[in-house]
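my questions concern the predicted model and sequence given below.
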Amino acid sequence: MDAQMTESRNTQKYKILLLTNRDSDNLGDQVIEECDIALIRTAMKNLGITDGEYEITSRAAGIISQKYLATKDPANLKSAEEVIKNADTVIFGGAPLFNYQYQDFYERTAITLELCQKHNKAAVFSAIGIEHYDENDPKCRRLKKALNLECVKQITTRDNFEFLQNYKERESLAISKVADPAVFSFKVFEKFCRPAVPNETGAKRVGIFILRSGGFKDNKIDFSRKQSARMWAKLTGELKSRGYECELLTSGHTADEAFLDYLVRKCNISIKRCVFNMNTPEQLIEKISSYDAVVSTRLHPSIISFSLGIPSLGIIWNPKVSNFYKNIGYGARTVDVRSFDAGAVVDQIGAIIEEGVVKDEEYLYTIYGSLFSALKNIIAPHAEIPAYSYSSLIENIPRFEGTDSVERDLKLRRKFRRIYQNYNDVLDKNLPPKKIPLKYSTESKKGAEVTCLFNNAGNMKVLKDGTHIYSAPDMVFLNDSKLKPLKNVFLINGYNFKGWNLKVRQNSIWYWYMANGSLALRGTGRKKDFEKAKMVFKDNMSVPKLPGNIQEVVFEAAWKPTLAKRIKGKLKRILKRA
């Protein structure tokens, strides 16, 4: 057994930190969490490590707080750093960890990896969804740099392996394409499977999983809420006319459930056909297992259906849907909303019920094989321990016993707090923007006089250190993403104006607005690096909406020495050395 594990056995339990999207309302993410835990436990047993010799701590992948992202205040990072410091291995499982197009997960992932590197903790990414890669995007480059840190031992993806190849730079970094962990739902959630029971008429039952109203447009598909509502109404009507029973439901996401309520209230969808309040993963399994076929926009009801042997059709709203169906050999079982035809879809539902589902065990096994390999290489690299075969894996994988009452209450509490937050955000958007005092300033330069061209010199204040500050009674920042900074009116001999740096005051603390969209205190690192990382606002650039609790906003002029001044300075240094 490797020395790392031997030492851990002699002192304390080996600690695995699992980071997933466990706190999401979307129950598909909670199914991933339970399947990840089951696969890790199987791999540890495979390595000869008993339950009492290790522990798995499961936390939300967003372990880096929004407060830290907004302020970069080290005090807001302590909790996350302590959790990572106390782990032996960190496993990322199945969350949108690489998403930088309209979420901030990429930055949280990068910071988490930097903490792993700092504390010498091995990091593994297991079956991650990768939706995009753009070398020209600074967010993508930021993520790529972090993924190639030495602490990262393996990255596997369930879909875009080509994108993953682009992220890889370090030769020793192991990458591969694998199945989603939820393909083992049929065993992990075996206790909660309820096979479909024909009713008196023998009608087949179809479950229809919808998507929130803005889901298509957010993913650059021109398909409105009105079109979505019409699509679901036509599908349910066509199914009913052909003798099917159907239910409209969600996989728990509050925005999906809100749209389901909209369909009932505004679109004449019978509430008797709708299933609300999906709050635990076993509820999702029980429902899916009771259908003869599934139509799903969300990805994980499709994956779970496949795992349970129930044929499904995937409504495409994101490339990950079509990628999954291609991976399982059913690429034709997808539907493009832009050419949706209810009659044709119902024809296809009948056909897939007849065809059924065939699963490739070699494909299913890839997620376990890669995870076992990663853990073995970290914990016991020199031990000759073969991985379980597929049949041994199925025999040894632990079954989920169900959500206990305490955890059920916590899930509901987290879900309702997100609902409350969304409600408050809506209220805040409808309030008139708060008027925040706005100023323009420039620091003085040694030996150079500052000239100000502002018309109203009476609003200019010069501090003892030579800093010039201009303000006016009617000069305010409304924090509504519409303000563009004034053109420069400060002149300093020997310097060219670069643009405006933005700093804001929250209570008594000043923060700088950085190029990555965060607010940061001046760090303890090199001043030159910090200055480069600041956002520079130029003419006609709008200021984005800032975090709340801002009391004051200042645009500070940023300067660059002229060519003549740089040459003069260089000659002076040469002469001094001579």
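All right, it came through fine. Numbering: from 1, shown residues only.

buried sites along the longest helix anywhere in the chain?
Ranked by residue count, the top helix of the chain under DSSP state H comes out as helix 405-430. By neighbour count with 16 or more other CB atoms under 10 Å, helix 405-430 contains the buried residues Lys411, Lys415, Arg418. Placement of C-beta: from N, CA and C, glycine included.

out of those, who's nearest Lys78?
Sorting these by how near they are to Lys78, with CB to CB, puts Arg418 at the top with 24.4 Å.

OK, contacts around the closest one?
Taking CB atoms under 8 Å, 6 or more residues apart in numbering, we find Arg418 in contact with Asp25, Thr254.

stretch 335-355: how far from the chain's middle?
Centroid displacement of stretch 335-355 relative to its chain, using CA atoms, centre = their mean, to the nearest Å, is 31 Å.

please save the CA atoms from that stretch in CSV.
This file holds the C-alpha atoms of stretch 335-355, laid out as CSV (Å, rounded to 0.1, in the frame of the first residue of the first chain):
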residue,chain,number,x,y,z
VAL,A,335,-36.0,16.6,-31.3
ASP,A,336,-35.1,20.1,-32.6
VAL,A,337,-37.7,22.5,-31.2
ARG,A,338,-37.4,24.7,-34.3
SER,A,339,-38.9,21.9,-36.4
PHE,A,340,-41.2,20.4,-33.8
ASP,A,341,-44.2,18.5,-35.1
ALA,A,342,-46.4,17.0,-32.4
GLY,A,343,-47.7,14.2,-34.6
ALA,A,344,-44.2,13.1,-35.7
VAL,A,345,-43.0,13.2,-32.1
VAL,A,346,-45.9,10.9,-30.9
ASP,A,347,-45.1,8.6,-33.8
GLN,A,348,-41.5,8.5,-32.6
ILE,A,349,-42.7,7.8,-29.0
GLY,A,350,-44.6,4.7,-30.2
ALA,A,351,-41.6,3.5,-32.2
ILE,A,352,-39.1,3.8,-29.3
ILE,A,353,-41.5,2.0,-26.9
GLU,A,354,-41.4,-0.9,-29.4
GLU,A,355,-37.6,-0.7,-29.8
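
let me see the mean pLDDT of that stretch.
Mean per-residue pLDDT for stretch 335-355: 95.

then stretch 188-204?
On average, stretch 188-204 scores 83.

and the contacts of it?
31, 34-35, 38, 186, 205, 243-245, 281-282, 285-286, 289-293, 308, 353, 397-402.

now, which of those residues lie within strands?
Counted as lying in strands by DSSP state E, out of the contacts of stretch 188-204, are Arg205, Glu245, Ala293.

and the buried residues of helix 405-430, which is the shakiest by pLDDT?
Arg418 (86).

returning to that earlier point: which one of the ones in strands among the contacts of stretch 188-204 is nearest Lys217?
Closest to Lys217, out of all of those and judged by CB to CB, is Ala293, at 27.6 Å.

and that closest one, what is it in contact with?
Counting by CB under 8 Å, 6+ apart, Ala293 has contacts Lys204, Arg205, Val206, Gly207, Ile310, Pro311, Ser312, Leu313, Ile349, Ile352, Ile353.

of the residues you listed, grab the buried ones for ChimeraX.
Buried residues among the contacts of Ala293 (16+ other CB under 10 Å), as a ChimeraX selection:
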select :204,205,206,207,310,311,312,313,349,352
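
dump the contacts of Ala293 into TSV; add distance to Ser302 as well.
Shown next, in TSV, are the contacts of Ala293 (distance: CB to CB, whole Å):
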residue	distance to Ser302
Lys204	18
Arg205	17
Val206	14
Gly207	11
Ile310	10
Pro311	10
Ser312	5
Leu313	8
Ile349	14
Ile352	12
Ile353	15
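
how about Ala387, nearest residue that isn't a chain neighbour?
Excluding its sequence neighbours, the residue lying closest to Ala387 (CB to CB, 6 or more residues apart in numbering) is Phe372, at 4.6 Å.

surely the one you found is in contact with Pro386?
No: counting by CB atoms under 8 Å, Phe372 does not reach Pro386; the two are 9.4 Å apart.

please identify which of the two sits among more neighbours.
Phe372 (22 against 9; other CB atoms under 10 Å).

quick revisit: how about the residue nearest to Ala387, what does it touch?
Ala43, Asn46, Leu47, Ala387, Tyr388.

quick one: it is in a helix?
Yes: under DSSP: H, G, I helix; E, B strand; the rest coil, Phe372 sits within a helix.

could you find the closest non-adjacent residue to Gln551?
That would be Arg505: by CB to CB, 6+ apart, it lies 5.0 Å from Gln551.

pLDDT at the one you found, what is it?
With respect to pLDDT, Arg505 scores 87.

phi, psi of it?
Backbone torsions for Arg505, taken as degrees, to the nearest 10, come to phi -110, psi 120.
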